[in-house]
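Asks: Here's my sequence, what's the structure:
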Amino acid sequence: MRGNSGQRADAERKFPRAKRSLGQNFLRDANIARKMVGLLRIVPEDRVLEIGPGSGALTRLILEQNPAFLLLAEKDPHWAGERMRDGAGRLRVVLADALLLPWERFTLPWKFIGNLPYNIASPLLWEICARSHGLERAVFMVQKEVGLRMTAKPGTAAYGALSVWLQSFVRIKAEFTVPPQVFAPIPKVESMVLSFCPAKREEPCPRPRNFDPAALSRVLRLCFQARRKQLGVILRGLGTRTDALEDLGINPETRPEKLSPEDFQRLSARPPFCDPPDLPPCPLRRKNPEARRGARKNSNAP
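Replies: Below is the predicted model of the structure:
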């Protein structure tokens, strides 16, 4: 008869310990997993991408909805191999870092879902919402504090560059809060489930934009690194007159945290933001274009 040590070894082979380096916290509550998948509103013709499927809490429920195609992006080789066993030809698994996926290639309608590692949620959603023109709907679980920033309104403490950027591309709804106890290992903070859909649903994919994302990124960087300063002071610091603000009906004494996403979009179309050779983009964007290009070259994503 085998002892406890042998049983523990078998258990770890079947369900290895979470890797802190990958920010793994596995969802263990079937009801919450079912609610998340239900929010995605899967129909038979859907293409679905799950980011970081891990132990498969969401994957099996997605398969029950019989989407036309299910793609899994998993960075952990162990869980990528385990998830290949689930679909029997009904899914495709890509061993990849989601931060390096070629999101601009998702031009057909797609639905995205995932229990995202806390440490990558902000930069990942920054890229997905801006670059995935085929985004039809998404449901993600993130750290509650980050979720509050993503859904924040102008004039609130949580409102910032992330709020403006995401809300310029998508509508975001805070669906429900998730307690730490439903994860293994148990995190020290609460989580939040958010739903995302394109800002203009009536327009076909790829959806057109009336602003330049690169210019908007520059506006956000310059304004929110000095969010307590008045906009007129920020512009004068760039050697620019405040006429652009007045033409847009914006008081130069207004602080960045008071402007709406639409205000920032209109401001991004004016000098010095629309044609600034030396102004860098907002730092939430990825800083390693060479790594991204290499990932695109080697990616099996559609």
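Asks: Please tell me I have it right and residue 241 contacts residue 235.
Replies: Yes. Shown here, residue 241 and residue 235 form a contact pair, counting by C-beta atoms under 8 Å, at 7.2 Å. To be clear about C-beta, it is placed using only N, CA and C from the backbone, and glycine gets the same treatment.
Asks: So between the two, which is more surrounded?
Replies: residue 235 (23 against 12; other C-beta atoms under 10 Å).
Asks: Check that one and give its pLDDT.
Replies: The predicted structure scores residue 235 at 84 on the pLDDT scale.
Asks: Confirm that it sits in a strand.
Replies: No. Looking at residue 235 with DSSP: H, G, I helix; E, B strand; the rest coil, it is helix, so not inside a strand.
Asks: so who does the residue nearest the centre of the chain touch?
Replies: Centre of the chain computed as the mean C-alpha position; nearest residue by C-alpha atoms, centre = their mean is residue 125, 1.7 Å away. Taking C-beta atoms under 8 Å, 6 or more residues apart in numbering as the contact definition, residue 125 lies against 116, 140, 142, 150, 166, 196.
Asks: and the last one, how far is that from residue 55?
Replies: Using C-beta to C-beta, to the nearest Å, one obtains 24 Å as the distance from residue 196 to residue 55.
Asks: can you check the second one too?
Replies: Residue 140 sits 17 Å away from residue 55, taking C-beta to C-beta as the criterion.
Asks: Also the fourth one?
Replies: According to C-beta to C-beta, residue 150 stands 26 Å off from residue 55.
Asks: so residue 96 touches residue 73, yeah?
Replies: Yes. In this structure, residue 96 sits in contact with residue 73. The criterion is C-beta under 8 Å, and the distance is 5.2 Å.
Asks: what about the two, which has more around it?
Replies: Each of residue 96 and residue 73 has its neighbours counted (other C-beta under 10 Å); residue 73 has more, 24 against 20.
Asks: sorry, back to before: between residue 150 and residue 55, who's got more neighbours?
Replies: Between residue 150 and residue 55, counted using other C-beta under 10 Å, residue 150 has the larger neighbour count: 27 against 19.
Asks: Please list all residues in contact with that one.
Replies: Residues touching residue 150, when contacts are defined by C-beta under 8 Å, 6+ apart, comprise 125, 142, 162, 163, 166, 172, 194.
Asks: Filter the residues you listed down to just the ones in strands.
Replies: When DSSP state E is applied, those are split such that 142, 172, 194 fall in strands.
Asks: and which of the residues you listed is nearest to residue 213?
Replies: Top of the list for closeness to residue 213, among these and by C-beta to C-beta, is residue 172 at 17.2 Å.
Asks: That closest one and residue 186: what is the separation?
Replies: Residue 172 sits 27 Å away from residue 186, going by C-beta to C-beta.
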